[in-house]
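Trainee: Sequence below, structure please.
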Amino acid sequence: MPVADLLQEFESLLENLDTWNYQYYVLDQPTVPDAEYDRAMRRLIALESQYPQWQRADSPSQRVGGQPLTQFGQVTHDVPMLSLDNAFNDQDMQDFNRRLSDRLKEYAADLEFACEPKLDGIAVSLLYRGGTLQRGATRGDGTTGEDITQNVRTIRSIPLRLRGKGYPHLLEVRGEIYMPKAGFESLNNRARERGEKTFVNPRNAAAGSLRQLDSRVTAERPLEMCCYSVGLVEGGSLPDRQARVLERLQNWGFRINSESAVVRGIDACNEYYQLLSGRRDSLPYDIDGIVFKVNELELQKQLGFIARAPRWAIARKFPAQEEMTRLLDVEFQVGRTGVITPVARLEPVFVGGVTVSNATLHNRDEVDRLDVRIGDTVIVRRAGDVIPQVVSVVVDRRSPNSQAVSFPLRCPVCQSAVEREEGEAALRCMGGLVCAAQQKAAIKHFASRRAFNIEGLGEKLIEQLVDEGLVASVAELYTLSKEDLLTLDRVGEKSADNLLAALQKSKQTTLPRFIFALGIREVGEATALNLARHFGGWVTLSAASERQLLEVDDVGPIVADHLRQFFHSLSSLEVVKRLCDAGVNWPDIKRSPVQNQPLAGQTWVVTGKLVTLGRDDAKAHLQALGAKVAGSVSLKTACVVAGPGAGSKLVKANELGIDVVDEQSFLAFLLAEGIKV
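Mentor: Residues are numbered from 1 along each chain as shown. Here you go, the predicted model:
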């Protein structure tokens, strides 16, 4: 091929790869499969090897540097990177608004504010000259930071060259580098598998990744960057509003936060704070507050700065999700499958909006990894509904009187032998249904909303039933009489009648719920549904060979082995027989080839609150019709079911032109497919 044609191909590859990077990492809208991207990248590298004079500093092949650095250089910020004043309640926000009013006077009424989630990451400065990335630096002390150029070049949501046109000759973009929750969990899981130290939280992981002297290590870390402002600007101009500046930066290739908004008035700021506070734990990244900025840049200029913070912005902080406290003791709980979990008893501490006095330590391996001892000062983390956990020990504060954690040799509940199976981290009580703790946990699981959904059968009542010897297995729930229930504390005639009615109602169930309710190890809702759809009936399932079980989606050798153990257990089969004798029943599922199911091959998303159906049931119905139910909206999404309160997923679906149906339309669709709700 003539050199001129090769050069044209080379330029086309650069343009395509840049566009695909932008679509994937900034817009979150991939347009080509990974294989196509990889082929183009390999071809680009081949051409750069053949014609090294064509290679450019902003080529996508040059994101990862060569030899590791010996140390980071220092960078002096031309425009200082200031900190922000904090607000912690509505009154602090009102005081902020009053200060603005005192200075702006006639401009103060109904001020426009740019609202931006405060990502919990590392603040950085990116300097572009002529549209090409020249330097990346940390904030440092606000005046001087570290040169991390090699490392920021590895982050694919940071453009090596700006897109489009009209950007200033010299442009400093500021933003936050962070690690998404999913990437953080994956990184820590890999570290555990290799026996390496794990990171405490996503911010800690992001900071450690950016301070790697070898950029090849940083390149392997799942980092992203979201911009929030500009610093030095020369040889060009920007829009006159903060929100418009961010929109312009997005056009030039940067990721901006899709949750950002513009509101008018301080009361609207407080409403936005409450909205994001309620959705905080469902976001794919950590935020520790909301930043509110006067939107008009001319007004920002009039307001100016005080000390090391601007007068025109404030960060309203969320309750801390990590705090320090003292480990008073370690106790051991026995779960449904006999797993013995160490539980930390803590000096009560307010974290994540609640007072925490207990936290999980997971298993013996985690205790050893943390090197945690009774009496230690520890850092506790709580995020939303996640069980609080001890994430690290403050070794510098360790008392000489601290004591090692001693694991039991026998079950703390039934005194049966404790064993650790090969390849497992957990200790397990071998008492089975002899163990009252396992009985209680099995009954609690059986009665839960996603299993038999027995209303009125709560944890305290289950404990009484087992402790009083009235129930030892789930089958015995259906032998309870009103007289039995009236012997229990705080159970009156009405509550006894209600529970018996709920038990009677629960007898009519579905095969997936029945399989899930039995509590077979490793068999969750999705696996139970796949088993039910594959085999159609209980008799066929219970007689299946290991080979037949392995044909089911989501069933591997370990799950198949647990299923076969259950089906070969006389005591387990006796429980199933007694449940059926008590009247528990379900319709068999008509088996049909997957390709004949009406939603086969489609991906659906359910968001918002479904009043009549509930999201879990909606998901189960969609799966029964052959659909895959995803947690996020993408170009692959066929349809979104949106109930009241639907947020960013609904917005994204509308932006992508994806079909959206409300709950009533969805119910009508199910009815048309023969599903009665």
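
Trainee: Any idea how far apart the tips of stretch 295-306 sit?
Mentor: Start-to-end span of stretch 295-306 (CA to CA, to the nearest Å) is 18 Å.

Trainee: Contacts for it, please.
Mentor: 82, 100, 103-104, 107, 111-114, 238, 240-243, 245, 262, 293-294, 310-312 (CB atoms under 8 Å, 6 or more residues apart in numbering). Yep, even glycine has a C-beta here, placed from its N, CA and C like the rest.

Trainee: Which ones among these lie within strands?
Mentor: Judged by DSSP state E, the contacts of stretch 295-306 include Glu112, Phe113, Ala114, Val262, Lys293, Val294, Pro310 as members of strands.

Trainee: is it true that the last one touches Met81?
Mentor: No: the criterion here is CB atoms under 8 Å, and Pro310 misses it with Met81 at 11.3 Å.

Trainee: and the two? which has more neighbours close in?
Mentor: Using other CB atoms under 10 Å, the more surrounded residue of Pro310 and Met81 is Met81, with 22 against 17.

Trainee: In this structure Gly236 contacts His169, no?
Mentor: Yes: using CB under 8 Å, Gly236 is in contact with His169, at 6.2 Å.

Trainee: Can you classify Gly423 by secondary structure?
Mentor: For Gly423, the secondary-structure state derived from DSSP: H, G, I helix; E, B strand; the rest coil is coil.

Trainee: how near is it to Glu193?
Mentor: Taking CB to CB, to the nearest Å as the measure, Gly423 falls 12 Å from Glu193.

Trainee: Quick check: buried residues in the helix ranked longest in the chain?
Mentor: Counting by DSSP state H, the longest helix found in the chain is helix 3-21. Residues of helix 3-21 classed as buried: Phe10, Leu13, Leu14, Asn16, Leu17, Asp18, Trp20, Asn21 (neighbour count, 16 or more other CB atoms under 10 Å).

Trainee: And stretch 411-428, by the same measure?
Mentor: Within stretch 411-428, the residues that count as buried by 16+ other CB under 10 Å are Cys411, Val413, Cys414, Ser416, Val418, Ala426, Leu427, Arg428.

Trainee: Helices of the stretch 151-300 of the chain, start to end?
Mentor: When assigned using DSSP state H, counting those that start in this stretch, the helices of the stretch 151-300 of the chain occupy the ranges 181-193, 202-210, 215-219, 242-251, 266-279, 297-303.

Trainee: Looking at the buried residues of stretch 411-428, which one is closest to Tyr37?
Mentor: Distance to Tyr37 across these (CB to CB) is lowest for Ala426, with 40.4 Å.

Trainee: Give the bridge partners for the closest residue to the closest one other than its chain neighbours, please.
Mentor: What sits nearest to Ala426 in space, not counting adjacent residues and going by CB to CB, 6 or more residues apart in numbering, is Val339, at 4.5 Å. For Val339, the beta-bridge assignment (DSSP bridges) gives partners Arg428.

Trainee: what's around Val339, how many residues?
Mentor: Neighbours of Val339 (other CB under 10 Å): 18.

Trainee: Also Asp561?
Mentor: Neighbourhood size, Asp561 [other CB under 10 Å]: 14.

Trainee: Tell me if I am right that it is in a helix.
Mentor: Yes: judged by three-state DSSP, Asp561 forms part of a helix.

Trainee: show me what contacts the closest residue to it other than its chain neighbours?
Mentor: In space, and not counting its chain neighbours, Asp561 is closest to Glu546: 7.5 Å by CB to CB, 6+ apart. Applying CB under 8 Å, 6+ apart to Glu546 gives the contacts Ala560, Asp561, Arg564.

Trainee: Heading C-terminal from the longest helix of the chain, find the next helix or strand.
Mentor: Downstream of helix 3-21, the first helix or strand assigned by DSSP states H and E is helix 34-50.

Trainee: roughly how far out does that following helix sit from the chain middle?
Mentor: How far helix 34-50 lies from its chain's middle: 33 Å, per CA atoms, centre = their mean, to the nearest Å.

Trainee: who does the helix or strand that that helix is followed by touch, helix- and strand-wise?
Mentor: Sequence-wise, the next helix or strand downstream of helix 34-50 (DSSP H and E) is strand 74-76. Using 3 or more CB pairs under 8 Å, 6 or more residues apart in numbering; DSSP states H and E, the elements in contact with strand 74-76 are strand 144-146.

Trainee: helices and strands around the strand it packs on, which ones?
Mentor: strand 74-76, strand 132-138.

Trainee: ok, of those strands, where does mean pLDDT dip lowest?
Mentor: Among the helices and strands packed on strand 144-146, strand 74-76 carries the lowest mean pLDDT, a mean of 88.

Trainee: Listing request: residues of the stretch 451-600 of the chain with sub-threshold pLDDT.
Mentor: Residue ranges of the stretch 451-600 of the chain with pLDDT under 70: 591-596.

Trainee: Which stretches in it count as helices?
Mentor: Assigned by DSSP H, counting those that start in this stretch, the stretch 451-600 of the chain shows helices spanning 459-467, 482-486, 493-506, 511-517, 525-535, 538-542, 546-549, 557-567, 570-581.

Trainee: Right, I'll call it a day here.
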